[in-house]
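Trainee: Need coordinates for the following:
(one chain, ligands or ions: 1)
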Amino acid sequence: MANRRPASTSDERGTGDELHQGVKRGERLTTSTGVPLGDGQNSLKVGDRGPTLLEDFALRDKIFHFDHERIPERVVHARGYSAHGTLECLDAIPDLTRAAPFQRKGKKTEAFVRFSTVAGNLGSADLARDVRGFAVKMYTEEGNWDLVGNNIPVFFIQDAVKFPDLVHAVKEEQDRGWPQAQSAHDTFWDFASLMPESTHMLLWQMSDRTIPRSFRFMEGFGVHTYRFIDAEGASTFVKFHWKPKQGLQSVVWNEALKINGADPDFHRRDLYAAIESGDHPQWDLGVQVFDEAFAVEFDFDVLDSTKLIPEEVLPVRVIARLTLDRTVDNMFAENEQVAFGTHNVIPGIDFSNDPLLQGRNFSYLDTQLKRLGSTNFTQLPVNAPRCPVMHFQRDGHMQTDPQLGRGTYEPNSLSGEDRGPRADVVHGYQSVARREEGPTRRLRAESFADHYSQARQFFISQTEVEQGHIIDAFAFELAKVEDPRIRTRVLGNLRNVHDDLARAVADKLGMPLPEAAEAVVATRTDLPESAALSILRNPPASFAGRKLGVLVTAGSDKALVDAVTRAFEDAGAVVEYVAPAIGPVKLTGGRSLTPHHAIDGGPSVLFDAVALLPSAEGAADLAGRASAQDFVSDAFAHCKLIGTGPAAAPLVSEAGVEPDAGFLDLASASDAEGFVELCGSLRFWDRDIRA
Ligand code: HDD
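Mentor: The predicted structure follows:
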């Protein structure tokens, strides 16, 4: 009978490591209790055609485990991707904090990072217009410190009590189950329009920050004001920033929509490929440190998470560098089971009274129990501290530590002379000794009331191109909102930000401009521009770490293809070939090249710049193909730099595109260097074709 191994005698099975048919002990297929299987293909049946017997423990073992493979996905940030790395101290700051990673220049701390989108479910696409999570776990010798931040320095709400409302509003609507991973629907904008405190964050959310080119090209922020505490117990306030060494870069919206179709795993693939190729992404960890006097003087409340402190007002001091150099081995064990929490702080780090942070400190611990099913999730390898752990917490589901000894309480005299592990008043964690007073009340401080000044500052700090993208994004999202009253309310709020913005969005929606919404504080502070808030005003130094797509066909000029490839690879970029078919392509001189993509599956949205190097026959053939025309016209519409080989003209013209200064003639191999140089500017924004 098919798939059935012949019966064997016990003599044939052998002893020691050598088993029947040469299968070694460590390679034997077993049940979860270690029983070696004699047949992994067939369940136990009566006769040749069944019925199957309940007695088949191997079948039950396998199906039972499979049935329980899934755990609840995260209620937010369900879709994420992680990597391992190291935090290295560049500038020791023992005068500010006793936090272990910052005591000595050169000190290295093991780290684990999980990037994520917020609203979509685990299987959603990477290029949703959404905030990105930027959660970092640092395994210090004084316990695990988690900095659970986002790629945006402010948040939608000021008080944690509003978080469930915010999340219910943005997630798919309960009576229909859509939209997935999108804020472009009535419930989100209804909530946002009724909560003017969200306005500043909405400006960030509608900017290109929420469609990053890659996790590698985005900033991260701790958002809240935290506290540093030094060895003497003195405390200062601190805000944390992650600054990518790779520079900032985003895609454009039309590109994002197409990437989601072409490669829904675009961001995770990018991070994986970069790390695996040895191009290890790095971020500087910077701090804005300030004292009580600054907090009192500053225009806004430093406990309000809808506000930031502009870098021009308080510069970011770089103290450490994070390098990601190892991809995960197992997505479930690491990416899914990692448990972050803002409550995970170490000696030297403490909380402020930010009401959003205070609420988070409860939520994260609570949610891990729901997701991971046991209080013992801290024993999972990805969560386990790398320092000794000693406590008298006992038992619980899935306890894996065979805790020894007799005394399970503190203090006890049965655990040896020193009475078991004891709290250490000198080196142990000490909260800041702070004086708090006032009546208990449910209220929002007046100092939290200005919802528009920083939103306006963000808008005026953007380049014209970026402002255009913000306007387009508001118009796109609001056009998906069915209830016109919601759109009107949003426009009323936008009038309090900037009339140009409100008018442009209203025009795009074809709606009249409503009265400005009634603001809680009538006076808006006119803040100056802050260059740090713009992506395009902080361009990368070069094309390094980016990807060039080279369109080749049979008969492409080998010397030119080689020269372009070499020039870009020497500049630290990745080069991928796109061809009419996935099979080998014969270049001039007879050399065969293996393409990475067939044209149908390798659209130009997957690349930062493109080179069109077909042969004359190849160009004539491609000119008639929709996928090749799209390759060119999309690259053009997305403002990409385009290099054209001597035979590319028919394809360019058939794509309906008029070459401009964003094109470079690659007439011969010597032009390759110039093209890399040009691509350093990433996009040719003069061409920006707004939606
Ligand atoms: Fe949160 C996950 C970031 C407000 C409650 N949050 C989560 C993750 C990130 C953030 C990056 C994913 C962690 C991971 O990869 O596992 N959250 C933020 C930031 C916030 C914020 C930057 C505002 C400054 N969050 C926030 C509030 C609450 C939560 C106000 C609740 C009161 N967040 C959660 C959560 C999650 C979470 C429900 C879901 C999964 C998890 O925690 O582990 O507890």
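Trainee: Okay, helices next: where are they in the stretch 501-650 of the chain?
Mentor: With DSSP state H, counting those that start in this stretch, the ranges of helices along the stretch 501-650 of the chain come out as 558-570, 616-623, 626-637, 649-654.
Trainee: Make JSON lines out of those helices and add mean neighbour count, mean pLDDT and distance to the ligand.
Mentor: (Glycine included, C-beta is placed from N, CA and C.) Listed next are these as JSON lines, based on neighbours: other CB atoms under 10 Å; pLDDT from 0 to 100; distance: least, CB to the nearest ligand atom, whole Å:
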{"stretch": "helix 558-570", "mean neighbour count": "19", "mean pLDDT": "97", "distance to the ligand": "33"}
{"stretch": "helix 616-623", "mean neighbour count": "19", "mean pLDDT": "97", "distance to the ligand": "42"}
{"stretch": "helix 626-637", "mean neighbour count": "20", "mean pLDDT": "98", "distance to the ligand": "32"}
{"stretch": "helix 649-654", "mean neighbour count": "18", "mean pLDDT": "97", "distance to the ligand": "43"}
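Trainee: among these, which is nearest Lys370?
Mentor: Closest to Lys370 of the helices of the stretch 501-650 of the chain is helix 626-637 (CB to CB; 42.7 Å).
Trainee: Output the contacting helices and strands for that closest one.
Mentor: helix 253-262, strand 609-612, strand 642-644, helix 649-654 (3 or more CB pairs under 8 Å, 6 or more residues apart in numbering; DSSP states H and E).
Trainee: Which residues of this structure lie near the ligand?
Mentor: 74-77, 80, 114, 116, 133, 135, 148-150, 155, 160, 163, 223, 305, 338, 340, 356, 359-360, 363-364, 367 (CB under 6 Å from any ligand atom).
Trainee: Flag the shaky bits of this protein, pLDDT-wise.
Mentor: 1-22, 522-523, 690-691 (pLDDT under 70).
Trainee: one more time with 80, if that's ok
Mentor: Filtered on pLDDT under 80, the chain yields the residue ranges 1-26, 415-420, 520-524, 689-691.
Trainee: how much distance is there from the strand or helix carrying Asp472 to the middle of the chain?
Mentor: Assigned by DSSP states H and E, Asp472 belongs to helix 464-479. Centroid separation for helix 464-479 versus its chain: 22 Å, with CA atoms, centre = their mean, to the nearest Å.
Trainee: ok, now how distant is Arg434 from the ligand?
Mentor: As judged by CB to the nearest ligand atom, to the nearest Å, Arg434 and the ligand stand 21 Å apart.
Trainee: Around that residue, count how many other residues there are.
Mentor: 10 (other CB atoms under 10 Å).
Trainee: now do Glu73
Mentor: 15.
Trainee: Let me see the backbone angles for the residue in the chain positioned nearest to the ligand.
Mentor: Here the chain gets closest to the ligand at one residue, Gly133, 2.7 Å apart by CB to the nearest ligand atom. Per-residue torsions, Gly133: phi -80, psi 150 (degrees, to the nearest 10).
Trainee: wait, what's in contact with the residue lying closest to it once chain neighbours are set aside?
Mentor: Nearest non-adjacent residue to Gly133, counting by CB to CB, 6 or more residues apart in numbering: Ser116, 3.7 Å away. Residues in contact with Ser116 (CB atoms under 8 Å, 6 or more residues apart in numbering) are Arg74, His77, Ala78, Arg79, Gly80, Tyr81, Arg132, Gly133, Ala135.
Trainee: Could I get those in CSV, plus columns for secondary structure, distance to Asp230 and neighbour count?
Mentor: Output for those, formatted as CSV (DSSP: H, G, I helix; E, B strand; the rest coil; distance: CB to CB, whole Å; neighbours: other CB atoms under 10 Å):
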residue, secondary structure, distance to Asp230, neighbour count
Arg74, coil, 35, 22
His77, coil, 33, 22
Ala78, coil, 39, 19
Arg79, coil, 39, 27
Gly80, strand, 34, 24
Tyr81, strand, 36, 22
Arg132, strand, 33, 25
Gly133, strand, 30, 23
Ala135, strand, 26, 23
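Trainee: Tell me the one among those nearest to Leu372.
Mentor: Taking CB to CB as the measure, Leu372 sits nearest to Arg74 out of the contacts of Ser116, at 10.8 Å.
Trainee: what about that closest one, distance to Leu651?
Mentor: 45 Å (CB to CB, to the nearest Å).
Trainee: next one: Gly602
Mentor: For Gly602 relative to Leu651 (CB to CB), the value is 15 Å.
Trainee: and if you look at Ala619?
Mentor: For Ala619 relative to Leu651 (CB to CB), the value is 5 Å.
Trainee: can you pull out the helices in the stretch 101-250 of the chain?
Mentor: Applying DSSP H, counting those that start in this stretch to the stretch 101-250 of the chain gives helices spanning 163-170, 186-194, 199-205.
Trainee: out of those, deepest packed?
Mentor: The highest mean neighbour count among those, using mean count of other CB atoms under 10 Å, belongs to helix 199-205: a mean of 26.
Trainee: Show me what it is packed up against.
Mentor: The elements that helix 199-205 packs onto, with contact taken as 3+ CB pairs under 8 Å, 6+ apart, are helix 453-460.
Trainee: Which strands or helices does the helix it packs on pack on?
Mentor: For helix 453-460, the packing partners by 3+ CB pairs under 8 Å, 6+ apart come out as helix 199-205.
Trainee: neighbouring contacts of the helix it packs on?
Mentor: With CB under 8 Å, 6+ apart, helix 199-205 has contacts from 129-131, 152-156, 183, 192, 210, 306-307, 451-452, 454-455, 458-459, 470, 493-494, 496-497.
Trainee: Return the subset of those lying in strands.
Mentor: Among the contacts of helix 199-205, no member is found in strands (DSSP state E).
Trainee: Just the buried ones among those residues, please.
Mentor: The neighbour-count criterion (16 or more other CB atoms under 10 Å) marks 129-131, 152-156, 183, 192, 210, 306-307, 451-452, 454-455, 458-459, 470, 493-494, 496-497 among the contacts of helix 199-205 as buried.
Trainee: quick one: contacts for the residue nearest the centre of the chain?
Mentor: Nearest to the mean C-alpha position of the chain, counting by CA atoms, centre = their mean, stands Phe115 at 3.0 Å. Phe115 makes contacts with Gly80, Tyr81, Ser82, Arg132, Gly133, Phe134, Ala135, Phe215, His267, Leu271, as judged by CB under 8 Å, 6+ apart.
Trainee: tell me the contacts of the residue lying closest to it once chain neighbours are set aside?
Mentor: Distance criterion CB to CB, 6+ apart; nearest residue to Phe115, sequence neighbours excluded, is Phe215 at 4.3 Å. By CB under 8 Å, 6+ apart, the contact set of Phe215 is Tyr81, Phe115, Arg132, His267, Asp270, Leu271, Pro281.
Trainee: need the contact list for the fifth one.
Mentor: When the contact criterion is CB under 8 Å, 6+ apart, the partners of Asp270 are Ser214, Phe215, Arg216.
Trainee: Name the secondary structure element that contains it.
Mentor: Asp270 belongs to helix 266-276, assigned by DSSP H and E.
Trainee: Now do that helix against helix 253-262, angle only.
Mentor: Put simply, helix 266-276 runs at 80 degrees to helix 253-262, going by axes from the mean of the first three to the mean of the last three CA atoms, to 10 degrees.
Trainee: Report how many residues lie close to Glu518.
Mentor: Neighbour count of Glu518, defined by other CB under 10 Å: 9.
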